[in-house]
Structure formats: C-alpha cells, structure tokens
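> need a 3D model of the sequence below.
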Amino acid sequence: MTSTAGSTRAPERLRRFTRAERLVHRATAALMLLCAGSAAFLYFAPLAQLVGRRHLVVVVHEWSGLLLPVPFLIGLAARSFRADLRRLNRLAPYDREWLRAARRGMPGPRPAGKFNAGQKIWAGWIAGAVPVMAFTGLLMWFTGALPWISRTSAIFVHDVTALAIAVVVAGHIRLAYRDPEARRGMRTGSVTWRWARKEHPQWAEEEARDARG
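So this is what the prediction gives:
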C-alpha cells in the first residue's frame, strides 16, 4: 500500500528488487538446482540406479551448467541490476563492523547497506566459483583441449568446487528460510520499512532521504 495523491505519508512498503532482478534470481536458482540435481544422479550410486537414461542426465547437467551465466548476462541490460552489482562489489566501512559482529555472534541490529557484508562475500564467491566449474566442466567434456591439464585434475577441481558450492548454497537457503521478510522481498519486490531499518539500516536511511527529496 502506498500513499495517495497529495499525501505526505510515506509508503508502507519499500521497493527492494525490480521484476528484472527477481527474474534473474529465479532463473539462476532454477539452473543451479537443475545442475546440482543432475549431478547428484550422476555421482551417487543409489540415485544413479533410479535413472534409466544416464546419457540424458549428462546432457541436462552439461547444458544447465553452460546456461548458468545466461540470466546474469541478460540481466545486465537492466539498470537496476547493474546498480545492485555495483553495491555488491563495494565494501563500505560499516561492512567491517558487520563482519566483526557476525564473527563474535553479537545479537542485535548490525550496520548494512542494501546488501550486508555476508551477502557481498557470498555474491563474490559464487561469481568466482561458477567460471571455475564451467572451465573444468568444459575440460572434462572436450578431453584433450588443453593437453597440459589432465582430465583427472579437472575432475578433482570440479568435484571439490561443486562440494563447496553445495555447502555454501545450503547455508544461503537456510538463512533465507529463517527470514520470511527477505523471501517476501525477493518474491514480491518489496519489504516493510521496519524490516529494512532493522536488517539494512544504512539502506533504509538512504531511501528515506531520497523519499524526502
């Protein structure tokens, strides 16, 4: 619900993500889950026995992995997406305070902009891990493309990175599950001012200043 014309009352909800940003997130999540799910059916014997067409699962895994960067690249056409990428790419002085508080397990509100320090580190880590997975996957697919890198080495790096991604993504899902308002923000694009002031106070203050003009 927003203010009516001529009213000075502030909107009850704060816009957090545009439709383009939400679509990028959903498409990326779907491709990542498809890639991880197909990998599970390839690597774990109890699951592999349930699959009658292993070659099809291999194809699904390969192409879902190759398509993983596509939503990101399409999202670059949206100004809001590019603006949030700049936010994610910069650590502010208060982010260090957030990290210290998180490391010490200190309760209470922690300083954060639109994205807190943990989210910025998560985004940077995934941005680095996905190209590693794509590169090693291609080396496994096109054996001999780079003769000085053995297929065994590519498989080892691919598997270790995949395991690390699985652990980090599981942590990401767990944190999202514990915060219904954050999930609502990704689903609908808006959050309450109360939540924003508690979880992302610097961002809420910035938006309030912009609203006042």
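> can you pull the contacts of the residue lying closest to residue 118 once chain neighbours are set aside?
Counting by Cβ to Cβ, 6 or more residues apart in numbering, residue 118 lies nearest to residue 102, which is 6.4 Å off, once chain neighbours are set aside. C-betas here are computed from N, CA, C, even on glycine. Applying Cβ atoms under 8 Å, 6 or more residues apart in numbering, we find residue 102 in contact with 110, 117-118.
> can I get these in JSON lines including secondary structure, pLDDT and distance to residue 70?
What follows is those, written out as JSON lines (DSSP: H, G, I helix; E, B strand; the rest coil; pLDDT from 0 to 100; distance: Cβ to Cβ, whole Å):
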{"residue": "110", "secondary structure": "coil", "pLDDT": "87", "distance to residue 70": "34"}
{"residue": "117", "secondary structure": "helix", "pLDDT": "94", "distance to residue 70": "28"}
{"residue": "118", "secondary structure": "helix", "pLDDT": "93", "distance to residue 70": "26"}
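> take those residues and write them to a markdown table, including neighbour count and distance to residue 185.
As requested, the contacts of residue 102 are arranged in a markdown table below (neighbours: other Cβ atoms under 10 Å; distance: Cβ to Cβ, whole Å):
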| residue | neighbour count | distance to residue 185 |
| --- | --- | --- |
| 110 | 21 | 18 |
| 117 | 22 | 18 |
| 118 | 17 | 16 |
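> what residues of stretch 16-29 count as buried?
Buried residues in stretch 16-29, defined by neighbour count with 16 or more other Cβ atoms under 10 Å: 16-18, 21-25, 27-28.
> next one: stretch 68-86
Going by 16+ other Cβ under 10 Å, stretch 68-86 has these buried residues: 68, 71, 75, 78, 81, 84.
> let's have those in CSV, adding pLDDT.
Below are these laid out as CSV (pLDDT from 0 to 100):
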residue, pLDDT
68, 93
71, 96
75, 96
78, 97
81, 96
84, 96
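> let's see which of those end up in helices.
71, 75, 81, 84 (DSSP state H).
> pretty sure the last one is touching residue 22, no?
No - shown here, residue 84 and residue 22 do not form a contact pair, counting by Cβ atoms under 8 Å, at 11.5 Å.
> most centrally placed residue in this structure?
For the chain, the residue whose C-alpha lies nearest the mean C-alpha position (Cα atoms, centre = their mean) is residue 123; its distance is 5.8 Å.
> what is the least confident helix or strand in this structure?
For the chain, using mean pLDDT, DSSP states H and E, the weakest element among its helices and strands is helix 45-48, scoring a mean of 79.
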